[in-house]
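Asker: A predicted structure for the sequence below; I have some questions about it.
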There are 2 protein chains.
Amino acid sequence: MKKLSSRLSIAVHILTLTAMSSKNCTSEFIASSVNTNPALIRRIIGYLKNAGLVAVQAGTGGTSIQKDISEITLLDVYNAVEVTEGNGLFNFHKGNRQCKVGANIESILGAALKKAQTAMENELRRITIKDIVDGINKLP
Amino acid sequence: MKKLSSRLSIAVHILTLTAMSSKNCTSEFIASSVNTNPALIRRIIGYLKNAGLVAVQAGTGGTSIQKDISEITLLDVYNAVEVTEGNGLFNFHKGNRQCKVGANIESILGAALKKAQTAMENELRRITIKDIVDGINKLP
DNA sequence: TCTTGATGTAATCATAATAGTTATAAGCAG
DNA sequence: CTGCTTATAACTATTATGATTACATCAAGA
């Protein structure tokens, strides 16, 4: 069924490519590596820019990373591109308030699911863009 | 942006209600507590049935739980209703194979994201339907 | 200053998942 | 047989996503 969007993988790709590349990273160049079109790349770069992760030279063009890549975690990127209202990963139905189960399932279950979400986020926090770059550099 | 579907919360609701209720749990009765219609309930019960968590008396009606509720974890329910092909939580774009980053980002990043997903699943495994039932019973 | 090439962003569009709903065939108890 | 229920298909509306086009804006260099 439905998974989370590929914005996270695209955003990590953008950051990795920008970190590794010596050439001027225009949206056109990045799009050719990501296999999509420049407008989509610019949209995602917009999210990264709002999060303070990158800066873009308007006019001339070119994306540059604004932090040490060992300090940009996957959670930073995830939060930049995958934000949900209330930060909740799971959706809830609205139970019937007249029924004890319906009235309370959200708070009880919600606390449990929040823990699961936090566990995932903590794991994302342990991995940085530098880890990804190193992983690719290690390849033959 | 997008969260995961509310099928998990509805499924947990169904199981909790069935576990706590002494009356015959027809899809009609459950739907009134969940605040939706019987057909949707039957659809989700279908997933739970396929996973061996419940049995349904066709004809007469009524859902019954097939395992001890202390042995049904949220992960069991999650897997029953939220299955994705390949079990991946995150989607990936398809990078350009001509580019070193594009060719390898999926395997490198995929391994990292798999860990995050596993951490979430491990947390879901720690919570059972009994915990939810107990939580609701504890309320005034 | 003007040209060139890039960004920022809005506007469409097609596709897919979700959830709501209706309808109907089939099952079982009394 | 009757009445109630489940199982399932079909259809609809809504929404997120991703692809794409278009255009105004911006900055550097000739």
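Answerer: Received it, and whenever you're ready, just let me know what you need.

Asker: all contacts plus neighbour counts: C-alpha atoms, from now on.
Answerer: Will do.

Asker: mind checking how far residue A:23 is from DNA strand D?
Answerer: Counting by C-alpha to the nearest atom of the strand, to the nearest Å, the gap from residue A:23 to DNA strand D is 15 Å.

Asker: in a helix, that's where that residue is, yeah?
Answerer: No: secondary structure of residue A:23, determined by DSSP: H, G, I helix; E, B strand; the rest coil: coil, with no helix assignment.

Asker: separation between it and residue A:57?
Answerer: Distance, residue A:23 to residue A:57, using C-alpha to C-alpha, to the nearest Å: 14 Å.

Asker: Then residue A:114?
Answerer: From residue A:114 across to residue A:57, the span is 39 Å (C-alpha to C-alpha).

Asker: okay, the two: which has more neighbours?
Answerer: The residue with more neighbours, out of residue A:114 and residue A:57, is residue A:114; 17 against 10, by other C-alpha atoms under 10 Å in any protein chain shown.

Asker: next one: phi and psi at residue A:75?
Answerer: Torsion angles at residue A:75 (phi, psi; degrees, to the nearest 10) stand at phi -70, psi -40.

Asker: Residue A:125 is in contact with that one, correct?
Answerer: Yes: using C-alpha atoms under 8 Å, residue A:75 is in contact with residue A:125, at 5.0 Å.

Asker: Next SSE downstream of the lengthiest helix in chain A?
Answerer: In chain A, assigned by DSSP state H, the helix with the most residues is helix A:100-125. Sequence order places helix A:129-137 as the next helix or strand after helix A:100-125, per DSSP states H and E.

Asker: Over to whichever residue of chain A sits closest to DNA strand D. Which of the three states is it?
Answerer: Residue nearest to DNA strand D within chain A (C-alpha to the nearest atom of the strand): residue A:59, separated by 3.0 Å. Following three-state DSSP, the label given to residue A:59 is coil.

Asker: residue contacts, it?
Answerer: Applying C-alpha atoms under 8 Å, 6 or more residues apart in numbering or on different chains to residue A:59 gives no contacts.

Asker: Give me the buried positions along stretch A:84-102.
Answerer: Within stretch A:84-102, the residues scored as buried using 16 or more other C-alpha atoms under 10 Å in any protein chain shown are A:88-96, A:101-102.

Asker: So which of those is the closest to residue A:30?
Answerer: residue A:89 (29.0 Å; C-alpha to C-alpha).
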